[in-house]
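> Okay, sequence plus prediction incoming.
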Amino acid sequence: MTEPPEADILLLRRQTAQWTAAQRALLPDGIRDSNSSHILIEFKYTQSFNENALQQALGYDFFFKQAKQLPDNDLQTVILSAKTPRTETLELLGYFLVPTRRRGNAVTTRQRRGS
């Protein structure tokens, strides 16, 4: 891919209780196992995960839930970055890398207090 994507945000809405087997096969780790009915994915095509990217995603998360009157558990917000985040940045923002089922991929997950 030589040109950046036309959209940098994607909203997936699941209208059934669970993803179908066909849908699950196409979804990445962290999304396929989500119980949220709405998944907001922000693509960072040329940027890495950093404090500004996190603040922007949190803003989208907050205002989308507010506009749609969704409870917290009905929206999962994901930042998908083309660049691997620096460990120091993740730790500073309270995140860590979690290996996924597929080789070569990693997911950042918010640490729980006391973890």
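Nice, thanks for sending it over.

> Show me which residues of the top helix by length along the chain are buried.
When the chain is parsed with DSSP state H, its longest helix is helix 51-68. Using 16 or more other C-beta atoms under 10 Å as the test for burial, helix 51-68 gives 53, 54, 56, 57, 60, 61, 64, 65. All C-beta atoms are positioned from the backbone trio N, CA, C, and that covers glycine.

> Could you dump those into CSV with distance to residue 18 and pLDDT added?
Listed next are those as CSV, based on distance: C-beta to C-beta, whole Å; pLDDT from 0 to 100:
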residue, distance to residue 18, pLDDT
53, 30, 89
54, 29, 89
56, 30, 91
57, 25, 92
60, 25, 94
61, 23, 95
64, 22, 96
65, 22, 96
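
> re the thing from before, quick one: list the elements packing against the longest helix of the chain.
The contact analysis (3 or more C-beta pairs under 8 Å, 6 or more residues apart in numbering; DSSP states H and E) places helix 51-68 against strand 38-44, strand 75-81.

> Give me the angle between it and strand 38-44.
Between helix 51-68 and strand 38-44, the angle comes out at 150 degrees (axes from the mean of the first three to the mean of the last three C-alpha atoms, to 10 degrees).

> just checking, residue 77 touches residue 55?
No - judged on C-beta atoms under 8 Å, residue 77 makes no contact with residue 55 at a distance of 11.9 Å.

> buried residues in stretch 75-85?
Going by 16+ other C-beta under 10 Å, stretch 75-85 has these buried residues: 75, 76, 77, 78, 79, 80, 81, 85.

> Alright, that wraps it up for me.
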